[in-house]
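Engineer: Build the 3D model from these lines:
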Amino acid sequence: MAARARGCKRRCRLPPRPNQSRLLALLNRQLERLTLLDVLLVAALAALPGWALVKTWRTARGEREAWVYQANRLVGVYRLDVDQTIVIGDQTRPHMKIQVRNGAIRVAESDCPKGVCRHAGWVRAPGRSIICVPNRVLVEVKGKTKDYDAESY
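Structural biologist: Numbers count the residues shown, from 1 in each chain. Just a heads-up that it's a prediction; the model follows:
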């Protein structure tokens, strides 16, 4: 029985645990081989997410306006930092009611059949727009910079 146990120990031997001093020596050797370009590359990769976050935050906090067009004519330019309700159409039978609240704009009511413009929700980023084809209304948010999803030429 003792022979079996010894034989199993020989065959089932685990690899020796690495010595901590060996690991530290290896790490020190690798750190000595770093160049200035390696350090700059790591710093740039670490700073990239922070830069993107700051740029997005500044874009969202800049002065923004909503330009509302109906039938290719400018109805008005409205600041998004002032809460208000905009009525498009006749006063007796309005086509649309547009709300501006907390720096965002949306179509609250519309008499169009499918109501796609109502489902667009709140829009606040520059470059975004809400379109109602049956009423021929375009609501476009403009600011100092545009926030693009994608571009194509």
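Engineer: can I assume Ala44 sits in a strand?
Structural biologist: No - under DSSP: H, G, I helix; E, B strand; the rest coil, Ala44 falls outside any strand and is assigned helix.
Engineer: Count the neighbours of it for me.
Structural biologist: 10 (other CB atoms under 10 Å). Heads up, the C-betas are built off the backbone N, CA and C, glycines and all.
Engineer: measure it to Glu32 for me?
Structural biologist: Distance, Ala44 to Glu32, using CB to CB, to the nearest Å: 22 Å.
Engineer: cool, Val123 as well?
Structural biologist: 54 Å.
Engineer: Looking at those two, which one has more neighbours?
Structural biologist: More neighbours surround Val123 than the other of Val123 and Glu32, with 20 against 7 (other CB under 10 Å).
Engineer: Cys112 touches Asn135, doesn't it?
Structural biologist: Yes - with contacts counted by CB atoms under 8 Å, Cys112 reaches Asn135, the gap being 5.7 Å.
Engineer: overlap in contacts of the two?
Structural biologist: Listed as contacting both Cys112 and Asn135 by CB atoms under 8 Å, 6 or more residues apart in numbering are His95.
Engineer: The residue nearest to the spatial centre of the chain: helix or strand, and which one exactly?
Structural biologist: Geometric centre of the chain, nearest residue: Thr56, 7.3 Å, by CA atoms, centre = their mean. Secondary structure assignment for Thr56, by DSSP states H and E: helix 36-61.
Engineer: Please report the distance of Glu63 from Val137.
Structural biologist: Taken as CB to CB, the span from Glu63 to Val137 is 23 Å.
Engineer: more crowded one of those two?
Structural biologist: Counted by other CB under 10 Å, Glu63 and Val137 do not tie: Val137 has more neighbours, with 23 against 11.
Engineer: ok, for that one, nearest residue in space, not its chain neighbours?
Structural biologist: Gln70 (5.1 Å; CB to CB, 6 or more residues apart in numbering).
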